[in-house]
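K.L.:
here you go, sequence then predicted model.
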Amino acid sequence: MENQIQIKSFSQIDINNPFFDSLKLDYREFEKWFAKKASDGAEAYLLIDKNNIEAFLYLKIEEDDVLDIEPPLPRAKRVKVGTFKVNPHGTRLGERFIKKIFDYAFKHNTSQVYVTIFDKHIALIQLFEKYGFKRIALKHTNNGTELVFLKDFNTIQNDVLLDYPRFKLNNNKKFLLSIYPEYHTRLFPDSILNNESFSEIEDVSHTNSIHKVYICFMDVSVLKTGDLILIYRTKDDKGPAYYRSVVTSVCVVEEVRVKANFNNINDFLNYCKPYSVFKQDELLDWFSKKNIFVIKMTYNAAFQKKITRGNLIDNLGYNSDIKWSFFEISNEQFLKTLKAGGVNESVIINQT
């Protein structure tokens with residue numbers, strides 16, 4: 001289970017691991033707090049790579065007024081990011097945990113998430129701000145003063161990233177986009193199928209990132225910022241597409257580029273490499289081709305139930321007579337597919 005986010009009891013986690021040294025320095029009471037969580041049976045999210053803790057996240061639901069900050073927050077059900085640390089090493093692991101925070105919030109039907117951060121943690125602050133958190137208060141303790149950031153999912157900012165993981169339904173077109181199995185698991189780790197191996201999920205940037213880059217020869221120039229894409233994993237070698245090809249995820253288009261939009265090969269590599277499953281030699285080969293399209297999109301939701309091609313055709317009105325590589329679907333088909341896949345309705349922004 002290495003490289004996969006795990007849930008572990010505090011009592012199973014070694015507080016003497018060097019990973020926690022910086023937290024002990026920032027918070028004098030950290031060891032006492034950790035011991036209390038362990039005795040309470042509390043759990044946290046961990047990512048372990050080669051026996052090293054690379055990330056730790058503790059979340060809790062609060063329903064009372066938040067009175068230990070200035071100004072205070074009124075009573076409401078919200079998620080508090082109690083403790084969050086990621087070892088920085090250029091793989092965008094922080095983004096993977098941001099998505100986990102949002103998944104947790106929607107699972108528990110909360111509309112707000114807040115976090116306190118010391119101002120010295122500039123990269124962490126930038127990460128939260130990138131996905132819609134706003135500074136709203138200060139928290140003063142014996143450890144110093146922390147900044148308080150809050151994301152309110154009901155505050156619509158009309159921006160793909162600031163509103164993430166929510167997306168607008170109206171005035172945006174919907175499409176189905178196919179992807180081969182060998183690329184699917186590495187790009188969409190939360191959409192892994194039961195028969196796929198966790199060993200395919202690595203601590204690398206294209207797996208961790210909320211952003212994904214898809215390169216193809218198909219003409220996808222019809223796509224615009226904000227359009228919605230259902231990711232369709234094509235069949236493997238274990239059976240026919242009717243049973244083995246499945247819709248697994250929802251993505252939102254950030255932008256579409258063609259070869260001419262890149263100044264040179266280095267511009268193309270810098271743009272694609274962090275978010276694409278392709279290695280540098282493969283990207284060089286792509287760039288040597290004449291007509292390529294590059295889709296940059298956000299990974300917004302994983303289906304709780306994977307919808308097979310057979311289900312899409314028999315029950316959701318999809319056309320079996322067309323090529324299933326890239327095609328537009330109706331608003332009704334999109335909504336029915338989301339419902340069948342168990343996607344939380346709260347991610348949908350129903351406004352024009």
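P.N.:
Nice, I can see it.
K.L.:
quick one, grab the pLDDT at S199.
P.N.:
Per-residue pLDDT puts S199 at 31.
K.L.:
where do the helices sit along the protein?
P.N.:
In order along the chain, the chain carries the following helices (DSSP state H): 21-26, 30-40, 93-107, 122-130, 181-187, 205-208, 241-244, 265-272, 280-288, 309-315, 331-340.
K.L.:
list the buried residues for the first one?
P.N.:
Neighbour counts over helix 21-26 (16 or more other Cβ atoms under 10 Å) mark 23, 26 as buried. The way it works is simple: take the backbone N, C-alpha and C, and place the C-beta from them, glycine included.
K.L.:
kindly report the same for stretch 93-112.
P.N.:
By neighbour count, and taking 16+ other Cβ under 10 Å as the criterion, the buried residues in stretch 93-112 are 93-106, 110-112.
K.L.:
and stretch 79-93, by the same measure?
P.N.:
In terms of neighbour count (16+ other Cβ under 10 Å), stretch 79-93 has its buried residues at 79-87, 91-93.
K.L.:
was I right about Q4 contacting D49?
P.N.:
No. With contact defined as Cβ atoms under 8 Å, Q4 does not count as touching D49 (10.0 Å).
K.L.:
now render the buried residues of stretch 79-93 as a markdown table, adding distance to L73.
P.N.:
Below are these laid out as a markdown table (distance: Cβ to Cβ, whole Å):
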| residue | distance to L73 |
| --- | --- |
| V79 | 12 |
| K80 | 10 |
| V81 | 14 |
| G82 | 15 |
| T83 | 19 |
| F84 | 19 |
| K85 | 24 |
| V86 | 25 |
| N87 | 30 |
| T91 | 33 |
| R92 | 30 |
| L93 | 29 |
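K.L.:
by pLDDT, give me the weakest of those residues.
P.N.:
Sorting the buried residues of stretch 79-93 by pLDDT puts T91 at the bottom of the list (62).
K.L.:
picking that back up, for P165, which of the helices of the chain is the nearest?
P.N.:
When the helices of the chain are ranked by proximity to P165, the top entry is helix 93-107, at 5.0 Å, counting by Cβ to Cβ.
K.L.:
report all helices and strands that the closest one contacts.
P.N.:
The criterion is 3 or more Cβ pairs under 8 Å, 6 or more residues apart in numbering; DSSP states H and E, and the helices and strands that helix 93-107 contacts are strand 43-49, strand 52-62, strand 78-86, strand 112-118, helix 122-130, helix 205-208.
K.L.:
going by mean pLDDT, which of those comes out lowest?
P.N.:
Out of the helices and strands packed on helix 93-107, helix 205-208 stands lowest, with a mean of 53 (criterion: mean pLDDT).
K.L.:
follow-up on the earlier one: closest one of the buried residues of stretch 79-93 to G342?
P.N.:
The shortest gap between G342 and any of the buried residues of stretch 79-93 belongs to V79, at 20.6 Å (Cβ to Cβ).
K.L.:
that closest one touches E63, doesn't it?
P.N.:
No. Counting by Cβ under 8 Å, V79 sits too far from E63 to count as a contact (10.8 Å).
K.L.:
tell me how many other residues crowd N142.
P.N.:
Burial of N142 is recorded as 7 neighbouring residues (other Cβ atoms under 10 Å).
K.L.:
in this structure it contacts Y27, no?
P.N.:
No. The pair formed by N142 and Y27 falls short of the contact definition of Cβ under 8 Å, at 9.5 Å.
K.L.:
hang on, the earlier thing: closest one to Y271 among the helices and strands packed on helix 93-107?
P.N.:
helix 205-208 (12.6 Å).
K.L.:
now for the longest strand seen in the chain, which elements pack on it?
P.N.:
The strand of greatest length in the chain, counted in residues with DSSP state E as the criterion, is given as strand 293-308. Packing partners of strand 293-308 (3+ Cβ pairs under 8 Å, 6+ apart): strand 211-216, helix 241-244, strand 246-258, helix 265-272, helix 331-340.
K.L.:
the longest one: which residues count as buried?
P.N.:
Read it as strand 246-258. In terms of neighbour count (16+ other Cβ under 10 Å), strand 246-258 has its buried residues at 246-254, 256-257.
K.L.:
please report how far the most centrally placed residue in the chain lies from Y27.
P.N.:
In the chain, the C-alpha nearest the mean C-alpha coordinate belongs to K99, at 3.7 Å (Cα atoms, centre = their mean). Between K99 and Y27 the distance is 25 Å, computed by Cβ to Cβ, to the nearest Å.
K.L.:
and for L127?
P.N.:
Look at L127 and Y27: by Cβ to Cβ, they are 20 Å apart.
K.L.:
do K323 as well
P.N.:
From K323 over to Y27 the distance is 57 Å, taken as Cβ to Cβ.
K.L.:
give me the more crowded residue out of these two.
P.N.:
The residue with more neighbours, out of K323 and Y27, is Y27; 19 against 8, by other Cβ under 10 Å.
K.L.:
thought the more buried one was touching N143?
P.N.:
Yes. With contact taken as Cβ under 8 Å, Y27 and N143 are classed as touching, separated by 5.5 Å.
K.L.:
identify the contacts common to the two.
P.N.:
Shared contacts of Y27 and N143, defined by Cβ atoms under 8 Å, 6 or more residues apart in numbering, are not found at any residue.
K.L.:
how close does E328 get to G82?
P.N.:
From E328 across to G82, the span is 43 Å (Cβ to Cβ).
K.L.:
please apply the same query to D267.
P.N.:
When Cβ to Cβ is the yardstick, D267 and G82 sit 41 Å from each other.
K.L.:
could you do L46 as well?
P.N.:
L46 sits 14 Å away from G82, going by Cβ to Cβ.
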